[in-house]
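**Student:** Any chance you can model this:
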Amino acid sequence: MKQLIIFGPPGVGKGTQAELIAKKLNIAHFSTGQILRDAVANGTDLGKKAKEIMDSGALVPDEIMIGIVKDALSSPDIKNGFLLDGFPRTLKQAEALETIFKELQFNNVVVISLTANDDEIVKRLMLRGRSDDTEETIKHRLKVYLEQTSPILAHYDGNYTIIEVNGVGDIEEINEKILKFLI
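**Tutor:** Below is the predicted model of the structure:
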């Protein structure tokens, strides 16, 4: 069973690669960002709370995200494996995820770390054209990523296999590089 986390700053291509990887490996793809956007679009209580937070560029609280992920990883959808996309984003979430992995006996986790420089990320996200993708908000999200999320890689070093791949270039070529490590 493949147990994967895709990791990297906003706009680096996590979602695109996650979809390709999940499809090619026939595993469940859990995008916490998509789950939250769906909740916002559907006007759920979670969605209303999350929209205000997301529009400011801040991260949705750990308790909400941890609950969403635990439910997803406990579902029958993961019989062939899973790929987490957009989680964890804080050390508290990473520690909670380790506890979930232990409870569910997931012992062979691989972290796929995609990288790109900030200028490339700002350019990509501005072109994406979502309402929450203003230059100011993007720069704030990159700052939040640097402060709160990037330290997770150091925390994972030694606990999980980490694959680092440059996220700039042809989508298929990047995907092939990732799959070489996984197959």
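**Student:** on contacts alone, who are the packing partners of the longest helix belonging to the chain?
**Tutor:** Across the chain, the helix with the greatest residue count (assigned by DSSP state H) is helix 91-104. Other elements packing on helix 91-104 under the criterion 3 or more C-beta pairs under 8 Å, 6 or more residues apart in numbering; DSSP states H and E are helix 62-73, helix 151-156. (C-beta placed from N, C-alpha, C; glycine too.)
**Student:** Name the residues of the shortest one that are buried.
**Tutor:** In other words, helix 151-156. For helix 151-156, a neighbour-count test (16 or more other C-beta atoms under 10 Å) marks 152-153, 156 as buried.
**Student:** what do you get for the first one?
**Tutor:** Residues of helix 62-73 classed as buried: 62, 64-66, 68-70, 72-73 (neighbour count, 16+ other C-beta under 10 Å).
**Student:** and it, what other elements does it pack with?
**Tutor:** strand 28-31, helix 32-42, helix 45-55, strand 81-85, helix 91-104.
**Student:** Within its sheet, name the partner strands of the fourth one and how each one runs.
**Tutor:** In the sheet containing strand 81-85, the strands it pairs with under DSSP bridges are strand 2-7 (parallel), strand 28-31 (parallel).
**Student:** Nice, that's everything, thank you.
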